[in-house]
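Peer 1: attaching a predicted model along with its sequence, questions to come.
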2 protein chains.
Amino acid sequence: MPTLQDVADAAGVSRSVASRVLTGDSRARVSEATRTRVREAAEALRYVPSHRARALRFRRSGAVGLIVPDVTNAVFADMLGGVQDKAGEAGMSVLLGQVDPPPSGHGRLRELVAEGRVDGVLLQRREDLDDSALARVLGDDVPVVLINSRLPGRSGSVVLDDVAGARLATRHLVELGHERIGHLAGVPHHDTAVRRHQGYVETMAEAGLTIAPEWVVRAGWEAAAGAEAAHRILEAPRRPTALVVSSVNAAVGAVSALGRAGVRVPEDMSVVTVLDTWVAQAWNPALTTVRLPLRELGRAACGVLIEHLGGTPLRDLVVADPAPRLVLRESTRAL
Amino acid sequence: MPTLQDVADAAGVSRSVASRVLTGDSRARVSEATRTRVREAAEALRYVPSHRARALRFRRSGAVGLIVPDVTNAVFADMLGGVQDKAGEAGMSVLLGQVDPPPSGHGRLRELVAEGRVDGVLLQRREDLDDSALARVLGDDVPVVLINSRLPGRSGSVVLDDVAGARLATRHLVELGHERIGHLAGVPHHDTAVRRHQGYVETMAEAGLTIAPEWVVRAGWEAAAGAEAAHRILEAPRRPTALVVSSVNAAVGAVSALGRAGVRVPEDMSVVTVLDTWVAQAWNPALTTVRLPLRELGRAACGVLIEHLGGTPLRDLVVADPAPRLVLRESTRAL
DNA sequence: AGCGCGAGGGCAATCGATTGCGCCGGTAGA
DNA sequence: TCTACCGGCGCAATCGATTGCCCTCGCGCT
C-alpha cells in the first residue's frame, strides 16, 4: 500500500503539498504544474488514503453501529438497506452488532463507542429491556438513535407511523363490513406494539364499534406467538370475524394456526397485518398488509445520527413519508 | 475520552510504562507498586484504549467485511450469527457491505480493503457474477474467503456439505416409496445449486430410479421462482409424486403455487427442501427440511479468514459438522 | 575505590494523514 | 533602494498507542 509520503516522493514534493492537492484544499497555494504532478503520481501508484490514519487524526471512525436484537427478522433487512444507503452516501460504513441481554450487553455497547470503533449507534431495542435498563445501558455520552422506540427524557428516536399503519389496517376491515374485529398485539409495553394498538383502538371507536376484551391478545412478534394467540382468539365466546395483527411474522403463524384449526382465511376470518414482507406475499392465501416505509426508516435514522455527529442536536422523527399503504391481497374479504 | 497519556500522568509515570502495564507485557520490568498505581489510574479514569490508534499502529483495522447479495434471506441471518460469534471471540467487528453489480461493485470491494476499513472479506457471491468477473473483482491482493462457492485456481472457500444435504433429502423421499422424484434446482451454474443437484442425481441413480428431464427445473432461489418452477413441473406429462427443492424460499413459493393449483401437499405431492428456517416451520403444512449447519458455516468462514490474517495460507473447507439432518414435518408422506 | 550488572523507567521513532505557520525569492509600490 | 506582500512550498506538531533502546541508580564484588 503506497502512502502519502510515497506519492509525495514520486512527485518530488513534500507530504504537505501532496495532501493539499489530493484533498482538494482550495485555499492552498499550489501551482497547477505541481498539482498535476501530484495527481499523476497518486494515480500511478494507485494511492488510496488510509482510512485508519484519517480516523486517528479526525477522531472519527467513519462507521455507525447498527444494533438489532434479531437479524433473522425480514423487517430488519429492509431497514438495513436504508441504513446502508444513507451511510454510504456519507462515506461511512455500517458495523453490525448484537446486543446481548444486559449486563453483558451493557459493556459491549459502550465499548464500541468508547474504543472508537463507531462514531454512533443505531439501536433497535430489545423487547426484554425496560426503560430504566435501557437508559442505564446507554449512559448519556453515547450518540444513539433509537429505532422504533422512544426513551422518556431523551431525544434521538426515529419511529414509523405505527398509529397510522394500524388505523389503515383496521379501517380496511371496517370498510369491508366487519364489526367484530380482534387485535393480535405485540408484546405489552413494547413501544411499537403500544402505538399500533392505539391505532386499532382509535379506529374502532371512530367506527362506533366495541372491542370485547377477549378479542385483544398480547402475544409476541414471531410466528409461534401468533399461532398461540390465534388459538386464544378461537376460544372466545363470540369470535371476531376479522383480525388486525401487529406484525407479519405473527400473522403468518396465526393464519397457519387458523388453517390447522379448520378456520378458513378469508372465508371464516379476515386477517390483515402491519408490515409487508415477501413471506406475506408468498403465503397461501397471500396476506393483505399495510406497507410501512422500512427502508426510509433506516435512512432517516441513519440521517439523524450522522446529522448529530455533525453537531446538530438529536431529533425525534416520525417517518411518515411515504405514507402507510394498504396492500390488498387475499386474506381479507367483505363480511 | 482519557488517553494513555492521561493515565500515565495520573500515575506519575511515562506513557511507555503505562502502556506496558496495561497491555500486560510480561517482559517489562516494572515494579509491582507502579503496576498497581497505573492500573488504578486507568480504572479511575475509565480508560479504554483507542481502537483507532491501535489500528494505525498495527496496520490492522480489526474488522472483517461481510458481503452478501441479499440480506433479506433468512439463510443469511443464521450465517451472520456464526460470523459474529467468531469475530467477537477474536475481538474483531463485522462490517456489513453490499455488492452492487460490477463494475461499480468492483471498486467498492477493493476500496474497502485498500482503505483499510477491513482486514479481509467474507464474500457470498452474487448469482449473476461468473467466475472470470468474480476473479477480476477480487484481484489477488485482497484476503477473501468465499462463502458457499468456489473459484477455480484460488483457495479460500468455505462451503456447506450440499451434496450430503441433497442426498439426505432425496433418500428420504426414496425411502417413503417415491419413484418419480423431481428437483427444483437453483440457478444454473451456481455453485451451491450444482452441488445440490449432484446429490439428487447420485441418490436417484443409487436407488435405481430414472430422472425424466422435465422433472428438473432450474429456477432461482426465491419464492417467486419456486412458484414458477412448480407450474412448470405440473405441466409435465408424467408428474413426479415428490419434489426435492434446493432452497427453502423457493420451496415456500412452490408449495404455495401447488396449493393454488389444487395440488395438495403432501397428499398429492411430497415436498422436501434443503435448509431450515422459521418459515419452513411456520408454513401450513410445515415443511420437511434438511437442516444444514449455517451458523457453523459462518463461524468456519470467519475462522479461516482470521487464521489467514494471522499468516496461515488460505484453506478450503467443507463444513460437515454437525452433519446434515432431516427435520421431519408435514410436507412429505409415503406414497 | 572501581567495575559490573540488573532492576526500573523514560526517550523518541513509528504508524499515515492533515494543517498552522514560517521561509524564501520575486515583484510592485513608495 | 527599501518595504510589503504574495505565490509556492516545506517543517513540524498532532491524533494515541506501542516498543526498541538507552539512561540512571543502587548494590555487590574485587
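Peer 2: Received, thanks.

Peer 1: pretty sure A:Asp276 is touching A:Arg295, no?
Peer 2: No. A:Asp276 lies out of contact with A:Arg295 (CB atoms under 8 Å); the separation is 11.6 Å. The way it works is simple: take the backbone N, C-alpha and C, and place the C-beta from them, glycine included.

Peer 1: for chain A, what spans make up the helices?
Peer 2: With DSSP state H as the criterion, chain A has helices at A:4-11, A:15-23, A:32-45, A:51-58, A:74-89, A:104-114, A:131-138, A:162-175, A:191-206, A:223-234, A:248-260, A:278-282, A:294-309.

Peer 1: go through the ones you listed and pick out the most buried.
Peer 2: Most buried of the helices of chain A, by mean neighbour count (mean count of other CB atoms under 10 Å in any protein chain shown): helix A:248-260, with a mean of 25.

Peer 1: wondering if that one reaches chain B at all.
Peer 2: Yes. Applying CB under 8 Å from any CB of the partner chain, one finds that helix A:248-260 is in contact with chain B at A:249, A:252-253, A:255-256, A:259-260.

Peer 1: skipping adjacent residues, who's closest to A:Ala11 in space?
Peer 2: Nearest residue to A:Ala11 in three dimensions, chain neighbours excluded: A:Ala41, at 4.0 Å (CB to CB, 6 or more residues apart in numbering or on different chains).

Peer 1: now do A:Arg232
Peer 2: Nearest to A:Arg232 is A:Val217, by CB to CB, 6+ apart, at 4.9 Å.

Peer 1: again, but for A:Glu267
Peer 2: A:Arg333 is the one closest to A:Glu267 (CB to CB, 6+ apart), at 7.4 Å.

Peer 1: now do the same contact list for that neighbour.
Peer 2: Counting by CB atoms under 8 Å, 6 or more residues apart in numbering or on different chains, A:Arg333 makes contact with A:176, A:266-267, A:270.

Peer 1: go on, A:Ala169?
Peer 2: Contacts of A:Ala169 by CB under 8 Å, 6+ apart are A:199-200, A:244, A:272-274, A:289-290, A:326.

Peer 1: how close does the residue in the stretch 101-250 of chain A positioned nearest to DNA strand D get to B:Ala44?
Peer 2: Relative to DNA strand D, the nearest point of the stretch 101-250 of chain A is A:Gly116 (8.6 Å; CB to the nearest atom of the strand). Going from A:Gly116 to B:Ala44 by CB to CB, to the nearest Å gives 20 Å.

Peer 1: now the helices of chain A as CSV including mean pLDDT?
Peer 2: Listed next are the helices of chain A as CSV, based on pLDDT from 0 to 100:
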stretch, mean pLDDT
helix A:4-11, 97
helix A:15-23, 96
helix A:32-45, 96
helix A:51-58, 97
helix A:74-89, 89
helix A:104-114, 71
helix A:131-138, 76
helix A:162-175, 98
helix A:191-206, 96
helix A:223-234, 96
helix A:248-260, 96
helix A:278-282, 94
helix A:294-309, 97
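
Peer 1: distance to B:Leu146 added to those helices, as CSV?
Peer 2: As requested, the helices of chain A are exported to CSV (distance: least, CB to CB, whole Å):
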stretch, distance to B:Leu146
helix A:4-11, 31
helix A:15-23, 34
helix A:32-45, 29
helix A:51-58, 24
helix A:74-89, 22
helix A:104-114, 28
helix A:131-138, 37
helix A:162-175, 40
helix A:191-206, 38
helix A:223-234, 32
helix A:248-260, 31
helix A:278-282, 26
helix A:294-309, 28
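
Peer 1: I figured A:Pro322 hits A:Glu296, correct?
Peer 2: Yes. Here A:Pro322 lies in contact with A:Glu296, judged by CB under 8 Å, at a distance of 7.1 Å.

Peer 1: which outside residues touch stretch A:27-34?
Peer 2: If you take CB under 8 Å, 6+ apart as the criterion, stretch A:27-34 is touched by A:11, A:13, A:17, A:20-21.

Peer 1: now with 10 Å?
Peer 2: Stretch A:27-34 has contacts (CB atoms under 10 Å, 6 or more residues apart in numbering or on different chains) with A:11-13, A:16-21, A:35, A:37-38.

Peer 1: closest to A:Phe76 out of these?
Peer 2: A:Phe76 lies nearest to A:Ser19 out of these, by CB to CB, at 40.2 Å.

Peer 1: so what's the closest one closest to, chain neighbours aside?
Peer 2: Excluding its sequence neighbours, the residue lying closest to A:Ser19 (CB to CB, 6+ apart) is A:Leu4, at 6.0 Å.

Peer 1: what sits against the one you found?
Peer 2: Counting by CB under 10 Å, 6+ apart, A:Leu4 has contacts A:15-16, A:18-19, A:22, A:42, A:47, A:49-50, A:53.

Peer 1: before we move on, what about A:Trp221?
Peer 2: Listed by CB under 10 Å, 6+ apart, the contact set of A:Trp221 reads A:70, A:73, A:75, A:127, A:186-187, A:190, A:192-193, A:245-250, A:253, A:275.

Peer 1: any idea of the pLDDT on it?
Peer 2: According to the prediction, A:Trp221 has pLDDT 89.

Peer 1: how far does stretch A:52-68 stretch from start to finish?
Peer 2: Stretch A:52-68 has an end-to-end distance of 26 Å (criterion: CA to CA, to the nearest Å).

Peer 1: gap between that stretch and the chain center?
Peer 2: Averaging C-alpha positions (CA atoms, centre = their mean, to the nearest Å) puts stretch A:52-68 21 Å from its chain's average.
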